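Novice: Would you be able to build a 3D model of this:
(3 chains)
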Amino acid sequence: MRLEIESIDIKDIQAGSKTYAKDGVFYINLKELEELILRDPRIKSVDINLVYPGDKVRILNIMDVIQPRCKIDKLDADFPGFIGKIQTAGSGRTRSLRGVAILVSYPSTNRKEVGLLDMAGPVAEMSPYGKMRNVSIAPTIAPGVEERDFENAAKIAGLKTAIYLARGAEGHPVDEVEVYDLDITNLDRKSGLPRVACYYQIYTPQFDYLAVSDPCFYGTDVRHMTPTVLHPNEILDGGVVGWNAVKALDTYSIQNHGVIKELYRHHGKDLIFAGVVGLAANTEPTARVRSACMAAKLVKDVLGADGVILVKVTGGMPHIDLAIAGEECEKLGVKTAIFTQPLTPFGTLSDTILFNAPSLNLIITASATFERTKIPWKAEKFLGGTAKTKIFCPDPIEQYAGDPVIDIEEYLLPGVLDCTGNAKVIIKEY
Amino acid sequence: MVQITAIPNIAQMVGVNRIIQGRAVPNPVGDPSLPKEKEKELRRKYILKALELLQKDVEGPTVVTLEET
Amino acid sequence: MAGKKLRVVHFLNQFFGQIGSEDKATSGFVVKEGPVGPGLALQKELGDRGDIVATVICGDDYFAANVDKNAGEGLRLVASYQPDLFFAGPAFAGGRYGVACGAMCKAVSAELGIFVITGMYEENPGVELYRKYAFICKAPNIARGMPEVLRNMVRLAFRLLSGEKEMRILTRENLPKPEEYHYFSRNLLRNEYCEKSIAERSVERLVAKLQGKPFESEVTPPIFKKVTPPAPIKDLSHSEIALISDGGLVPKGNPGGLASRSNLKWGAYDIEAVFREYEVTHAGYFNDHVLERPDRLVPFDVMRDLVKEGKVGKLHRTFFSTSGNCTVTKRCGEMGEEIGTEIKRRETIAGAILTST
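Specialist: Residues are numbered from 1 along each chain as shown, chains lettered A, B, ... in the order given. Below you'll find the predicted structure:
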């Protein structure tokens, strides 16, 4: 499969009477975008705002962040299963806008753990999205619509916005073309380079809100998916999106999957990228072990890998799924590099690890997702919520978006830590 | 003491000696997919298994699943 | 604090405090005005920024006889001088002295809220016991290293007092890097900015591993101690069983204030009362199944039946509860011991079932 991502660098965004891009400036017909979003009867109204680095704006109740992208050479093929017709993602030409992110908020959500982004201050400094020019969309729920159904509507609105913006830049010169070309069936066997696969935990159902799994794979959920072989391009090109809540993971990160892109970078140089095995973590122990064995078998016998990177999803329980799969891989002779995410700020790295099999001897700290940080910064404007919006804290304390200091866990700050490995973060003992 | 957990690996790792493999993380001795009476029967099986293990000698971390006799 | 001279108090043992040698190890607290012994060099390092207003001295054996009580006594003496900063030792390899320095630091910090700094050799037992509560600078195992250790202690003190944010960590706290300031890490973990992304590091290291080259793991897992299995219960039909859970089931209103993540507390609740009015405080799993029917977590219904049927002698009326989500392993171990101790104290309980999420 060959995918070409044609990226356009956007230096500024502005409201305009027409949606188009010229000389790096992107003009958006906000009225047209609003009409597009409101075609969904589940959405009563939508608040659309353009936000810039330095704005004293706090965007609340963020459920996802998305990069504007659309297919260039195919019709009805954007985010297949979510928007476009179901088909395998990852081939052909895709347009991508860099420097712009779509922030999707669900202002009246009942979820407690939701994303937050400031366009200035410490959060903006920590998050890549704080340095971009963003389109914030905050839809309101129409009467009689059920919560989970509305979450889907909001997600779809975000994806539609992503497509609309990317399409709008048609005709603008392209700044960079990235080629992702991997023919898994005919991979080079002569060079002697080791074959490396990616074991990719797409989801964990332990946080399922109202007992419903978030659809994040071709428009459906993956809770009961058995481990399966995926082409990495499917993940880069809209087959997988973020969950309905930011938990150190969002669509933008997945579209730019850190480990997948890094394996591509090394492909043909000191390794052969052998493919991806995707799966969900399991709450039941028998399913967990079965899944681990199946995944290891796919890595070894189907992808023929010599090595595998086990990429973890947010949560405590997924460590175990990861570790058992890692052990199974090592048993089959596949060398592993495995992620860990210490769950508490106290102790040593040894104290906080949840597995200790001797075969798992290459462990990478993939950020402490629940690290708490104080943000002493006051916003003047709030989008997707108000100054009275409650900000989640695991301690039984009350804090609100308008407070001069908030105490928040980093996994709720989109882009700061991401499970795909983009964060330039390591955990150290202090 | 006997521990009932759906993540027996961690219990084994830290050295818990008597471990029953539970149903699932959000419901270690329950199953919301079952009707009330059947669920209680299932729960009873888990507890009886746990109490059985409490009455047995073990030599080190031992994980028992519901299916084992 | 600019312009105002720091009031500094220094703690020493009988030897460095010039009371006497091993023969005077049993001597009690003595306070001298101004710096004493190594305090003179310490004062030089402080220069104009601070004055050692008092030196509190205590014999190693005296202090060791009752560490907590003596730390309290020492604290009162220290507090009477209203210090802005506290130094102890350095103790080098002296075990009793290291423990005394650590205990003094812990008490002073907790009560007065000021920075507390000491120095020890890495094998000094005081390091493991007190590294969380004080800044313990690294010292060699002989006193000839004194000038350098004192220099480091003061340098660290000034850095802390400056309030400078450590911008290399995401939390931007005033938390100097242990390697840079030569102190033992205080059992804290922080996300730190790094040149290479998580993805870059993992691919690079895996390639090295595949090439048979040396590679570095970022974590070395521990080996856990074995626990001797307790003897089995002999007669279940006459035994009392207690229920414990880490799934966060608590009485409505969460009177014990358990946290839904990084919780450090446990509670003992009347089981019937909990089942009448309850809530769940645990953010690591989807709570609704348990909220709908808490027996799915704590098997009260089945235990009641088994008692009625005579299969189990008795169900203990107290339910022991904690919330085990993303929290500190050592504290969990402590909580387990505390719960175990309480269960034993009650004397009637033969065994327990712990249900975990």
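
Novice: Now do the helices in chain B.
Specialist: Along chain B, the segments classed as helices by DSSP state H run B:8-14, B:36-54.

Novice: Equivalent analysis for chain C, please.
Specialist: C:38-46, C:60-65, C:67-79, C:95-112, C:125-130, C:146-161, C:178-181, C:198-210, C:271-276, C:288-292, C:300-308, C:329-345.

Novice: which other helices and strands contact the fourth one?
Specialist: The reference is to helix C:95-112. Contacts defined by 3 or more CB pairs under 8 Å, 6 or more residues apart in numbering or on different chains; DSSP states H and E place helix C:95-112 against strand C:6-13, helix C:60-65, helix C:67-79, strand C:85-92, strand C:115-120, helix C:125-130. In this view, the C-beta of every residue, glycine as well, is placed from N, C-alpha and C.

Novice: Please identify the buried residues of that helix?
Specialist: Applying a neighbour-count criterion of 16 or more other CB atoms under 10 Å in any protein chain shown, one finds C:95-109, C:112 buried in helix C:95-112.

Novice: where does chain B dip in pLDDT?
Specialist: Applying pLDDT under 70 to chain B flags the ranges B:69.

Novice: Could you rerun that using 90?
Specialist: The model of chain B has pLDDT under 90 over residues B:7, B:9-10, B:13-14, B:24-26, B:66-69.

Novice: Look up the closest residue to whichever residue of it sits closest to chain C, ignoring the ones flanking it.
Specialist: In chain B, the residue that lies nearest chain C is residue B:30 (2.5 Å; CB to the nearest CB). What sits nearest to residue B:30 in space, not counting adjacent residues and going by CB to CB, 6 or more residues apart in numbering or on different chains, is residue C:296, at 2.5 Å.

Novice: and if you look at residue B:18?
Specialist: residue B:2 is the one closest to residue B:18 (CB to CB, 6+ apart), at 4.1 Å.

Novice: Quick one: neighbours of that neighbour, just the number.
Specialist: The tally of other residues near residue B:2 (other CB atoms under 10 Å in any protein chain shown) stands at 27.

Novice: Identify the residue nearest the residue most central in space within chain B in space, chain neighbours excluded?
Specialist: Chain B has residue B:20 as the residue nearest its centroid, 2.8 Å off, counting by CA atoms, centre = their mean. Spatial nearest neighbour of residue B:20, chain neighbours left out: residue B:4 (4.5 Å); criterion: CB to CB, 6+ apart.

Novice: Near chain B, which residues of the stretch 101-250 of chain A? Just list them.
Specialist: The stretch 101-250 of chain A has residues A:206, A:211 near chain B, with proximity defined as CB under 8 Å from any CB of the partner chain.

Novice: Which single residue of the stretch 101-250 of chain A ends up nearest chain B?
Specialist: residue A:206 (5.6 Å).

Novice: for chain C, where's the lowest mean pLDDT among helices and strands?
Specialist: Every helix and strand of chain C was ranked by mean pLDDT, DSSP states H and E. The lowest is helix C:329-345, at a mean of 87.

Novice: can you pull the alpha-carbon coordinates of that one into CSV?
Specialist: Output of helix C:329-345 as CSV, limited to C-alpha atoms (Å, rounded to 0.1, in the frame of the first residue of the first chain):
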residue,chain,number,x,y,z
THR,C,329,3.0,0.5,46.1
LYS,C,330,4.8,1.1,49.4
ARG,C,331,1.7,2.8,50.9
CYS,C,332,-0.5,-0.1,49.7
GLY,C,333,1.8,-2.5,51.5
GLU,C,334,1.5,-0.3,54.6
MET,C,335,-2.3,-0.2,54.3
GLY,C,336,-2.3,-4.0,53.9
GLU,C,337,-0.3,-4.3,57.1
GLU,C,338,-2.5,-1.9,58.9
ILE,C,339,-5.6,-3.7,57.9
GLY,C,340,-4.0,-7.0,58.8
THR,C,341,-3.0,-5.7,62.2
GLU,C,342,-6.5,-4.4,62.9
ILE,C,343,-8.0,-7.7,61.8
LYS,C,344,-5.7,-9.6,64.2
ARG,C,345,-6.4,-7.1,66.9
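
Novice: what does it rub up against?
Specialist: With CB atoms under 8 Å, 6 or more residues apart in numbering or on different chains as the test, helix C:329-345 has contacts from A:344, A:346-347, A:351-352, B:1, C:242, C:244, C:264-266, C:268, C:320, C:322, C:324, C:349, C:352.

Novice: Pull out the CA atoms of the helix or strand where residue A:136 lies and give them to me as CSV.
Specialist: Residue A:136 is located in strand A:133-141, with elements delineated by DSSP states H and E. Only the C-alpha atoms of strand A:133-141 are listed here, as CSV (Å, rounded to 0.1, in the frame of the first residue of the first chain):
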residue,chain,number,x,y,z
ARG,A,133,-4.0,28.3,15.0
ASN,A,134,-7.1,26.3,15.9
VAL,A,135,-10.8,26.0,15.0
SER,A,136,-12.8,25.4,18.2
ILE,A,137,-16.2,23.8,17.6
ALA,A,138,-18.6,23.4,20.5
PRO,A,139,-21.9,21.8,19.5
THR,A,140,-25.0,21.9,21.7
ILE,A,141,-27.2,18.9,22.1
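
Novice: and that strand, average pLDDT?
Specialist: For strand A:133-141, the mean pLDDT works out to 98.

Novice: Can you name the element that comes right after it?
Specialist: Following strand A:133-141 in sequence order, the next helix or strand is helix A:147-168 (DSSP H and E).

Novice: from memory residue A:283 sits against residue A:206, does it?
Specialist: Yes: judged on CB atoms under 8 Å, residue A:283 makes contact with residue A:206 at a distance of 5.8 Å.

Novice: Tell me which of the two has more neighbours.
Specialist: Using other CB under 10 Å, the more surrounded residue of residue A:283 and residue A:206 is residue A:283, with 26 against 21.

Novice: Which pLDDT value goes with that one?
Specialist: pLDDT recorded at residue A:283 is 90.

Novice: what's the answer for residue C:3, then?
Specialist: Reported pLDDT for residue C:3: 63.

Novice: Only alpha carbons, please: show stretch C:97-116 as PDB.
Specialist: Output of stretch C:97-116 as PDB, limited to C-alpha atoms (Å, rounded to 0.1, in the frame of the first residue of the first chain):
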ATOM      1  CA  TYR C  97      24.100  10.100  63.500                       C
ATOM      2  CA  GLY C  98      22.500   9.700  60.000                       C
ATOM      3  CA  VAL C  99      19.200   8.500  61.500                       C
ATOM      4  CA  ALA C 100      19.300  11.400  64.000                       C
ATOM      5  CA  CYS C 101      20.000  14.000  61.200                       C
ATOM      6  CA  GLY C 102      17.200  12.500  59.100                       C
ATOM      7  CA  ALA C 103      14.700  12.400  61.900                       C
ATOM      8  CA  MET C 104      15.500  16.000  62.900                       C
ATOM      9  CA  CYS C 105      15.100  17.100  59.300                       C
ATOM     10  CA  LYS C 106      11.800  15.300  59.000                       C
ATOM     11  CA  ALA C 107      10.400  16.900  62.200                       C
ATOM     12  CA  VAL C 108      11.700  20.400  61.400                       C
ATOM     13  CA  SER C 109      10.300  20.300  57.900                       C
ATOM     14  CA  ALA C 110       6.900  19.000  58.900                       C
ATOM     15  CA  GLU C 111       6.500  21.400  61.700                       C
ATOM     16  CA  LEU C 112       8.200  24.600  60.500                       C
ATOM     17  CA  GLY C 113       7.800  24.200  56.700                       C
ATOM     18  CA  ILE C 114      11.400  25.300  56.000                       C
ATOM     19  CA  PHE C 115      14.000  23.600  53.800                       C
ATOM     20  CA  VAL C 116      16.000  20.900  55.600                       C
END
